[in-house]
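> just the structure for this:
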Amino acid sequence: MENFQFKEEVEVALKEGEPVVALESTIIAHGMPYPENVETALEVEEVVRSTGAVPATIGIIDGEVKVGLSEEEIGKLAEAENVEKVSRRDFPVVLARGQHGATTVAGTTIVAEKAGIKVFVTGGVGGVHRGEGQVFDVSADLRQLSLSDVAVVSAGVKSILNIGATLEKLETYGVPVLGYGTEEFPAFYSRESGFAVDYRVDTPKEVADALRARRKMDLHGGTLVANPVPEEDEISSEAIEEIIAEAVGEAEQENVSGKKLTPFLLDRIVDKTEGDSLETNVSLVKNNAELGGKIAGEIVAG
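As a prediction, this is how the structure comes out:
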């Protein structure tokens, strides 16, 4: 594919029908501070490998889409200035200008599908933002989930969002929401949100079976697998809610919006939790990586 460069181990795995898991790069460039971002990216890749799957961290280097970043390229995205946050709308300009880009959930999902990767692991997907005037601020992640035949494993959606409205939007788009080991939709930092999932599943095989059944029905689009953060690492919904409300208020006061809003809120939450939210973020991403690798293995086995 033009503008796509495959890391050798990823290319070999795809050709030989081995399980491959896509990983995003916004967590490297915009989701965590240095050097935790590099350390986490490499550790998450190792978690995927421990399940028998091959990790493919996706990003853009000098206008070339990389399906599988090298350690050097991960470091480049982690330290370079002005790395673009790349969603669906951003690809044309970033590629044409030969820029570096970190792919969002939507951006990574697009590349994963084109590359033939069936499972994508992230921390949390985007959605409908909170706050006055934010009702029309809806992440492109949701629409892309309805378009791409990729299973997205996440710890629900980010707690900074309007979770109820986000789930309603997913329902409108026909995206199945599967709760892994839970009947309640997780809220990123917390295991509970007060909202139900569409269906509960308890094994990676159940997820893979549902994905196969969907393909047999020729129902195109993605599936969201909501995997709660490990209990020992969660931040209670009561504790995080007050902090999020403060961060959202500060964003409104400073007129922060668009693609800058989520990184702004996450940075403020890290500060206000004295780093606890960062530790939770790392834990949930690794937890998702383990599940994603197992699901990818079941898809290949079936």
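
> shaky segments in the stretch 151-300 of the chain?
For the stretch 151-300 of the chain, not a single residue meets the criterion pLDDT under 70.

> the same query, at a cut-off of 90, please.
Counting by pLDDT under 90, the stretch 151-300 of the chain contains low-confidence residues at 158-161, 237, 241-242, 244-245, 247-249, 251-252, 255-267, 270, 274-275.

> for it, just list every one of the strands.
Under the criterion DSSP state E, counting those that start in this stretch, the stretch 151-300 of the chain carries strands at the ranges 151-154, 177-180, 199-201, 223-226.

> tell me the most buried of those?
strand 151-154 (a mean of 27; mean count of other CB atoms under 10 Å). (Glycine included, C-beta is placed from N, CA and C.)

> helices or strands up against that one?
Counting contacts by 3 or more CB pairs under 8 Å, 6 or more residues apart in numbering; DSSP states H and E, strand 151-154 packs against helix 105-115, strand 119-121, strand 223-226, helix 276-301.

> so which elements touch the longest one?
In other words, helix 276-301. strand 20-23, helix 36-50, strand 119-121, strand 151-154, helix 204-216, helix 261-272.

> which strands and helices sit next to the longest strand anywhere in the chain?
Residue-count comparison of every strand in the chain, with assignments taken from DSSP state E, identifies strand 54-61 as the longest. Applying 3+ CB pairs under 8 Å, 6+ apart, we find strand 54-61 packed against helix 8-15, strand 20-23, helix 36-50, strand 64-67, helix 71-79, strand 101-103, helix 105-115.

> which one of these lies nearest to residue 302?
strand 20-23 (15.2 Å; CB to CB).

> quick one: contacts for the residue nearest the centre of the chain?
By CA atoms, centre = their mean, the mean C-alpha position of the chain lies nearest to residue 122, the distance being 2.7 Å. When the contact criterion is CB atoms under 8 Å, 6 or more residues apart in numbering, the partners of residue 122 are 23-24, 27, 105, 108, 152-154, 285, 288.

> any chance of those in a markdown table, with distance to residue 253 too?
Rendered in a markdown table, the data for these read as follows (distance: CB to CB, whole Å):
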| residue | distance to residue 253 |
| --- | --- |
| 23 | 34 |
| 24 | 29 |
| 27 | 27 |
| 105 | 27 |
| 108 | 32 |
| 152 | 33 |
| 153 | 35 |
| 154 | 29 |
| 285 | 30 |
| 288 | 33 |
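
> out of the residues you listed, which one sits closest to residue 269?
After measuring the contacts of residue 122 against residue 269 - CB to CB - the closest member comes out as residue 27, at 14.6 Å.

> neighbours of that closest one, just the number please.
Burial of residue 27 is recorded as 22 neighbouring residues (other CB atoms under 10 Å).

> residue 114 too?
In terms of burial, residue 114 registers 13 neighbours under the definition other CB under 10 Å.

> need the helices and strands packed on strand 54-61 in a markdown table (columns: distance to residue 270).
Supplementary listing: those in a markdown table, determined by distance: least, CB to CB, whole Å:
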| stretch | distance to residue 270 |
| --- | --- |
| helix 8-15 | 31 |
| strand 20-23 | 21 |
| helix 36-50 | 10 |
| strand 64-67 | 27 |
| helix 71-79 | 16 |
| strand 101-103 | 18 |
| helix 105-115 | 20 |
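
> could you export the ones you listed as CSV, including mean pLDDT and distance to residue 247?
Rendered in CSV, the data for the helices and strands packed on strand 54-61 read as follows (pLDDT from 0 to 100; distance: least, CB to CB, whole Å):
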stretch, mean pLDDT, distance to residue 247
helix 8-15, 98, 37
strand 20-23, 98, 26
helix 36-50, 97, 19
strand 64-67, 98, 32
helix 71-79, 96, 23
strand 101-103, 98, 22
helix 105-115, 98, 20
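
> out of those, which gets nearest to residue 214?
Between residue 214 and those, the tightest spacing by CB to CB is seen for helix 105-115, at 14.2 Å.

> output the closest one as PDB, nothing but the C-alphas.
The C-alpha atoms that make up helix 105-115 are tabulated as PDB, following Å, rounded to 0.1, in the frame of the first residue of the first chain:
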ATOM      1  CA  VAL A 105      -8.200   5.700  17.900                       C
ATOM      2  CA  ALA A 106      -9.900   6.600  14.700                       C
ATOM      3  CA  GLY A 107      -6.600   7.000  12.800                       C
ATOM      4  CA  THR A 108      -5.200   3.800  14.100                       C
ATOM      5  CA  THR A 109      -8.400   1.900  13.300                       C
ATOM      6  CA  ILE A 110      -8.200   3.100   9.700                       C
ATOM      7  CA  VAL A 111      -4.700   1.900   9.300                       C
ATOM      8  CA  ALA A 112      -5.300  -1.400  11.100                       C
ATOM      9  CA  GLU A 113      -8.200  -2.300   8.800                       C
ATOM     10  CA  LYS A 114      -6.200  -1.400   5.600                       C
ATOM     11  CA  ALA A 115      -3.300  -3.500   6.900                       C
END
